[in-house]
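1. only geometry, no sequence info:
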DNA sequence: CGATTAATTGACAAAACTCAATACGAGTGG
DNA sequence: CCACTCGTATTGAGTTTTGTCAATTAATCG
């Protein structure tokens, strides 16, 4: 029984107990000073819209608990997920006037929300904060660029391997990874179909590289093999 | 006869006449204040390394003339090009200590180079500059995220269409696009093989959507059709 | 418990890749 | 100026990978 499966629609109900990792609130408002400027927080239900494509950029966000997908839809319904955000991650700050991606809660999530204007003004006034916000954006950029290599040049097995290792690192898993997202999200993140993702999962399990203890709970049995696969 | 084909090996020879677009030097040092802080410039020959993957981040760069590819190589030789940079573009400023991509001149190019440390200190001290540098990074991020949709969710024809429209816009082409890069670079940017890129070019030409007046010179005959194809 | 959604599995089709051959273009030397 | 070479691009034939469609199983939730 994966806890966050239990509460699906209850709006604004504090997730109980949600994706909160064993780190202090100070760490969740990540080591930095910037997030402490963001004091209003809101709860979003599973699949709740945080902002959507084409909407005006009004706020900046930071994940307190839960998980967020950052995605873009094509006219014919094809969807690309550009990133996943987890507790401590900061998102939604863009230089353009309108969002080019939308953000949705994957599970019940608590999100800190701050007015963009006030945030930018405050942040840019302070040299350390300005550097920090830039550096955060640069890190997002680097992550995006790395993901381009996955999408452009890796086969299905390598993509899934890279995904699992990334989730393992980012979700602070102990022993097993509790994936908050459904197969469709994984597929849309990796540029594959759900069927292919599913087949690769089964295939990796057959090769004893992973074990699927629950559909959403994965154990990495052979990290070396995964590393080999995802090697860039 | 595409001019930049004529000078291939002469190192540090000023390109004559290279990819310089009809805008003033002030514009090339883009409207902003930041680039004016970068006053040393260097000429790189075709295929010259500007910096490479795993190298320390020492400088920041801006293209004066020519064209640059920003790429990452996998152990087995597969390569992903993350971006192309053209006159006025700013690149190489990263938050990490080491580059995760390398940058090479595609044709003889003149590049402004500035020490990273000095640059960051100066820039972060000034509020307007700090905002500008952040906003530039955010724009790169947005471009990368958009490209992820291309790599993850578009078929070969759609990728090439999107590429041509992008080059058309960025190279300030009048009538026809002079592509500075070979087919291999296009393939590695779009996550395809050179054969597929070549076939799609021929195919688009047969459909009268483009005309290939020279291997590297493309005329867009039907932008509407290209837009339709690349629509996201 | 039954309805509904999510995930898996299989058979087949399609898109893109691989390998190989050929054509083209630019530069070189006779 | 022409033949020759070398790198780049195109084209074709056949294979591979992944996608599509359909059926089945599993999980979730009222």
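-> Arrived safely, thanks for sending. These figures come from a predicted structure and were not determined experimentally.
2. neighbours of residue A:41, just the number please.
-> Taking other CB atoms under 10 Å in any protein chain shown as the criterion, the count of residues near residue A:41 is 14. Where you see a C-beta, it was placed from the backbone N, CA and C, and this is true even at glycine.
3. Repeat that for residue A:141.
-> Neighbour count for residue A:141, taken as other CB under 10 Å: 23.
4. In contact with it: list those residues for me.
-> When contacts are counted by CB atoms under 8 Å, 6 or more residues apart in numbering or on different chains, residue A:141 touches B:137, B:140, B:141, B:144.
5. ok, those residues vs DNA strand D, which is closest?
-> DNA strand D lies nearest to residue B:144 out of the contacts of residue A:141, by CB to the nearest atom of the strand, at 20.8 Å.
6. how close does the closest one sit to DNA strand C?
-> Residue B:144 sits 20 Å away from DNA strand C, going by CB to the nearest atom of the strand, to the nearest Å.
7. just residue A:176 next, same as before
-> Relative to DNA strand C, residue A:176 is positioned 14 Å away (CB to the nearest atom of the strand).
8. tell me the residue furthest from the middle of chain A?
-> residue A:125 (29.1 Å; CA atoms, centre = their mean).
9. Could you tell me which of the contacts of residue A:141 belong to helices?
-> Judged by DSSP state H, helices contain the following of these: B:137, B:140, B:141, B:144.
10. Dump those into CSV; add distance to residue B:92 and pLDDT as well.
-> Written out in CSV, the entries for these read as follows (distance: CB to CB, whole Å; pLDDT from 0 to 100):
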residue, distance to residue B:92, pLDDT
B:137, 11, 96
B:140, 11, 97
B:141, 15, 97
B:144, 15, 98
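11. mind listing the strands in chain A by residue range?
-> Counting by DSSP state E, chain A has strands at residues A:40-44, A:49-51, A:59-65, A:68-73, A:79-85, A:90-91, A:102-105, A:109-115, A:176-178, A:210-214, A:217-220.
12. Burial check on residue A:228, number of neighbours?
-> Using other CB under 10 Å: residue A:228 sits among 12 other residues.
13. what number of residues lie near residue A:122?
-> 13.
14. ok, it touching residue A:130?
-> No - the criterion here is CB atoms under 8 Å, and residue A:122 misses it with residue A:130 at 10.1 Å.
15. Throw the strands of chain A into TSV and include mean pLDDT, thanks.
-> Compiled in TSV, the strands of chain A are given as follows (pLDDT from 0 to 100):
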stretch	mean pLDDT
strand A:40-44	94
strand A:49-51	97
strand A:59-65	96
strand A:68-73	98
strand A:79-85	98
strand A:90-91	96
strand A:102-105	98
strand A:109-115	95
strand A:176-178	97
strand A:210-214	97
strand A:217-220	98
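16. so which of those strands gets nearest chain B?
-> Closest to chain B of these, according to CB to the nearest CB: strand A:79-85, at 4.1 Å.
17. and the closest one, what does it pack onto?
-> Applying 3 or more CB pairs under 8 Å, 6 or more residues apart in numbering or on different chains; DSSP states H and E, we find strand A:79-85 packed against strand A:68-73, helix A:127-153, helix A:183-190, helix B:127-153.
18. Give me the angle between the third one and helix A:127-153.
-> I take that to be helix A:183-190. 100 degrees (axes from the mean of the first three to the mean of the last three CA atoms, to 10 degrees).
19. closest one to residue A:149 among the strands of chain A?
-> Smallest distance to residue A:149 across those (CB to CB): 14.6 Å, for strand A:79-85.
20. Enumerate every residue touching residue A:60.
-> When contacts are counted by CB under 8 Å, 6+ apart, residue A:60 touches A:38, A:90, A:91, A:92, A:93, A:113, A:114, A:116, A:119.
21. Of the residues you listed, just say which sits nearest to residue B:177.
-> residue A:93 (33.7 Å).
22. picking up where we left off before, relative to residue B:47, which of the strands of chain A is closest?
-> Evaluated over those, closeness to residue B:47 peaks at strand A:79-85, with 31.7 Å, by CB to CB.
23. Return the list of strands paired to the closest one, each annotated with direction.
-> Strand partners for strand A:79-85, identified by DSSP bridges, are recorded as strand A:68-73 (antiparallel).
24. thinking in terms of the whole chain, how far from its middle is stretch A:180-196?
-> 13 Å (CA atoms, centre = their mean, to the nearest Å).
25. Show me which of the contacts of residue A:141 is closest to residue B:109.
-> For the contacts of residue A:141, the residue nearest residue B:109 by CB to CB is residue B:140; the value is 18.8 Å.
26. Nearest spatial neighbour of the closest one, chain-adjacent residues omitted?
-> Computed as CB to CB, 6 or more residues apart in numbering or on different chains, the closest residue to residue B:140 that is not its neighbour in sequence is residue A:141, at 5.5 Å.
27. Look up how far residue A:77 lies from that neighbour.
-> In this view, residue A:141 and residue A:77 are 28 Å apart by CB to CB, to the nearest Å.
28. cool, and residue A:113?
-> Distance of residue A:113 to residue A:77, given as CB to CB: 29 Å.
29. of these two, who's got more company?
-> residue A:113 (18 against 6).
30. Any idea what the more buried one is bridged to?
-> Beta-bridge partners of residue A:113, counted by DSSP bridges, are residue A:40, residue A:61.
31. show me the contacts for it.
-> Contacts of residue A:113 (CB under 8 Å, 6+ apart): A:38, A:40, A:41, A:42, A:59, A:60, A:61.
32. Can you report how many residues lie near the fourth one?
-> The reference is to residue A:42. Residues contacting residue A:42 under the criterion other CB under 10 Å number 15.
33. The second one now?
-> If you count neighbours by other CB under 10 Å, residue A:40 ends up with 10.
34. now the residue nearest to residue A:81 when sequence neighbours are not counted: how far from residue B:186?
-> Ranked by CB to CB, 6+ apart and with sequence neighbours excluded, the top spatial neighbour of residue A:81 is residue A:189, at 4.0 Å. Between residue A:189 and residue B:186 the distance is 25 Å, computed by CB to CB.
35. One more: residue A:164?
-> In this view, residue A:164 and residue B:186 are 31 Å apart by CB to CB.
36. same check, this time on residue A:169
-> 33 Å.
37. Give me the more crowded residue out of these two.
-> Ranked by neighbour count (other CB under 10 Å), residue A:169 and residue B:186 place residue B:186 first, with 23 against 10.
38. OK, contacts around the most centrally placed residue in chain A?
-> Central residue of chain A (CA atoms, centre = their mean): residue A:84, 1.8 Å from the mean position. By CB under 8 Å, 6+ apart, the contact set of residue A:84 is A:67, A:68, A:69, A:70, A:106, A:170, A:181, A:185, A:189.
39. show me what contacts the residue nearest to residue A:81?
-> Here residue A:189 is in contact with A:69, A:80, A:81, A:84, A:163, B:152 (criterion: CB under 8 Å, 6+ apart).
40. and which of those residues is nearest DNA strand D?
-> residue B:152 (8.8 Å).
41. Now that closest one: closest residue in space, sequence neighbours ignored.
-> Here the residue nearest residue B:152, using CB to CB, 6+ apart, is residue A:191, at 3.1 Å.
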